[in-house]
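need a structure here:
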Amino acid sequence: MQRSGDIERHRAIVVLVGALVALGAMLALRDPGGPPEPRATATSPAVPEVAGAPAELAAPVTRIATGASVPDALTLVGHVHTAVVAPPGPDRMRAAHLAHMLRAPLVIVRAGGPDAGAGGRSEHAGRASARPSAQARSEAAAAMRRMGVVRAVLVGDAVSDQAARDGGVREVVRLRPATRRRPTGRQLIRWAAGGRAPGKRNDPGFDDRAVQDLLDTLPAPAPPTRVAALVRPRGYEAVHVALAARAVGHTVVATAARDLRGDARLIDRLAELSRDGEAPRVVLGGGGMASLKRREVAAQVAVAATGVRLPGGGQLVVDPHFPHARRYVGLYGVPQSAALGALGEQPVDASVTRTRRLVREYRQAVGSMADIIGCFEIIATIASSAAGRDGNYADELSIADLEPAVQAARRAGLYVLLDIQPGRTDFLTQARRYRRLLRRPHVGLALDPEWRLRPGEKHLEQIGSVDIDEVNEVAGWLADLTRRRRLPQKMLLIHQFRLSMVRGRERLDTSRDELAYVIQMDGQGPQGSKLETWNAITAAPPDGVHFGWKNFYDEDTPMRSPEATMALTPPPVFVSYQ
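Alright, predicted model coming up:
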């Protein structure tokens, strides 16, 4: 009897367990919440702790040339939590605005119709007439899979969620624009470069609560990198680069400069990103930037990252694209002697004051047309009537002799040119004597062929001259010094009042952008004669050459006024007074 009771109890327990299992299954089927989120596995990566991480850049300068259907800009992204996905029609600017707010890259899925052949580049293209093609979905899916996207935010109705699902995305959110408002590419670039979110009046046109929910569930922002993404202030394809760069922690800088050394704000940003003398890596985003030559950009970045500024700001003595935006005016001579020019007619501090007075006069003459920079042109080697110990008919001032004026100019924000009158030796030999001063950012070099003698010649008996090969040799040496020391651009000035003074001038090599090449017409006398000489000297110049003028207090009849000097054609970038 006892055994029979045990059997009955066992049967009851089995029935009860079976009923509980069945009940659990029924409840699971009725649960509207569905199955739980899958846990991280080898094929389902863990949610990243930060919103994005950059891809490794193989070179110091990387070019992102175009905004394509799946933009080349996405190659900047290593992995990212959230991506915004949109078609190339009118909604894409709102999508770009949303991506900016979410610090997310923008994936464009090419559709049929007007945008199909354009790769989604036109900011004002009409709505696509067809759904995205299978190839477009495949491209977008591959991009999202490579970036490890966890959440895809689909904008509008033109893109189905299939591309996101194919890309391994866990969460798909669809937002539909609530208004017609959309920003311009210029606004988006300005916001990205400023590192700030747009204000309420510039919202992306989606439901505020939905956008806030997305913001609240984002991981921490990507930590800042030492990479600067450089984009033009306008242009839709640059928006792709700005969004991708910002998503992974790169610094976005908008610049219109064709030579990076000419943008003071860019110089500051690159200097902030440099470490222990090492320049940051740079991305050139969009067609306007990507057309620049990488080797030249790398050299410009190396200089810009030092943060060193020229008098007047920036690192270009003369911007070749805006050559008359900056002009130089100052005194010529030897600080120790009144006999050789206006620079020595008063103590150095008084020369600073006198130069500043000239600057004010020229600023009044040009108004807002140009920035006027004061200058000292100091004769470093002085042509001599006697051969001297070395027999070269030139007296070389020591660096100690020149130092007070060079230092005073630096403190006053003046540029300095060291003028070489070499006698019977060559310009390069003399220039090398002043290497220590030429290493300073605010010091350039002037060559005076009038005082370059051949064997057997003497000063004031003949007018000297130089072959262009010697000038090119000096230019190459000075450019190499400038690049090696990562210095701002230097002025190389060549005096000339006769065509015969520079033999073969048409072969002047102006290819080195470390230098700004200026030929100064330094003749004296009646204004009619000076203008004839000016017209001869400025005719048929070598490419890349700018011109200067000299005013003589005593020898010119009459001396030209600042207004008349600035009215010369071509406009002089350099004016000195002797």
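
What segments of the stretch 201-350 of the chain are strands?
Shown for the stretch 201-350 of the chain, the strands assigned by DSSP state E, counting those that start in this stretch span residues 227-231, 251-254, 281-285, 326-333.

neighbouring strands for the last one, and are they parallel or not?
The strands that strand 326-333 pairs with in its sheet are strand 371-383 (parallel), strand 574-577 (parallel) (by DSSP bridges).

Reformat those as CSV; add mean neighbour count.
All C-beta atoms are positioned from the backbone trio N, CA, C, and that covers glycine. As requested, those are exported to CSV (neighbours: other C-beta atoms under 10 Å):
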stretch, mean neighbour count
strand 371-383, 24
strand 574-577, 25
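
Using a markdown table, lay out those strands together with mean pLDDT and distance to Glu278.
Shown next, in a markdown table, are the strands paired with strand 326-333 (pLDDT from 0 to 100; distance: least, C-beta to C-beta, whole Å):
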| stretch | mean pLDDT | distance to Glu278 |
| --- | --- | --- |
| strand 371-383 | 96 | 31 |
| strand 574-577 | 98 | 35 |
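
Format the strands of the stretch 201-350 of the chain as CSV; extra columns: mean pLDDT and distance to Gly367.
Shown next, in CSV, are those (pLDDT from 0 to 100; distance: least, C-beta to C-beta, whole Å):
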stretch, mean pLDDT, distance to Gly367
strand 227-231, 96, 32
strand 251-254, 95, 28
strand 281-285, 94, 35
strand 326-333, 97, 12
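
Tell me which residues of stretch 313-325 come out buried.
Neighbour-count burial for stretch 313-325 flags Gly314, Gln315, Leu316, Val317, Val318, Asp319, Pro320, Pro323, His324 (criterion: 16 or more other C-beta atoms under 10 Å).

measure the first one to Ile373 for me?
When you say that, I think you mean Gly314. 11 Å (C-beta to C-beta, to the nearest Å).

what does the last one give?
Distance from His324 to Ile373, counting by C-beta to C-beta: 13 Å.

And the fourth one, by the same measure?
Using C-beta to C-beta, we find Val317 at a distance of 9 Å from Ile373.

joint contacts of the two?
Arg326, Tyr415 (C-beta atoms under 8 Å, 6 or more residues apart in numbering).

and the one helix or strand Arg354 maps to, what other elements does it pack with?
Element membership for Arg354 (DSSP states H and E) is helix 348-366. Judged by 3 or more C-beta pairs under 8 Å, 6 or more residues apart in numbering; DSSP states H and E, helix 348-366 is in contact with strand 326-333, strand 371-383, helix 399-412, helix 562-566.

average model confidence for the shortest one?
Regarding helix 562-566, the rounded mean pLDDT is 97.

can you check the third one too?
Across helix 399-412, the average pLDDT comes to 98.

Who are the contact partners of the residue nearest the centre of the chain?
For the chain, Leu260 is the residue whose C-alpha lies nearest the centre (C-alpha atoms, centre = their mean; 3.5 Å). By C-beta under 8 Å, 6+ apart, the residues touching Leu260 are Leu230, Leu266, Ile267, Leu270, Val297, Gln300, Val301, Ala304.

neighbours around the closest residue to it other than its chain neighbours, how many?
Leaving out its chain neighbours, the residue that sits closest to Leu260 by C-beta to C-beta, 6 or more residues apart in numbering is Gln300, at 4.2 Å. The burial count assigned to Gln300 is 26, neighbours taken as other C-beta atoms under 10 Å.
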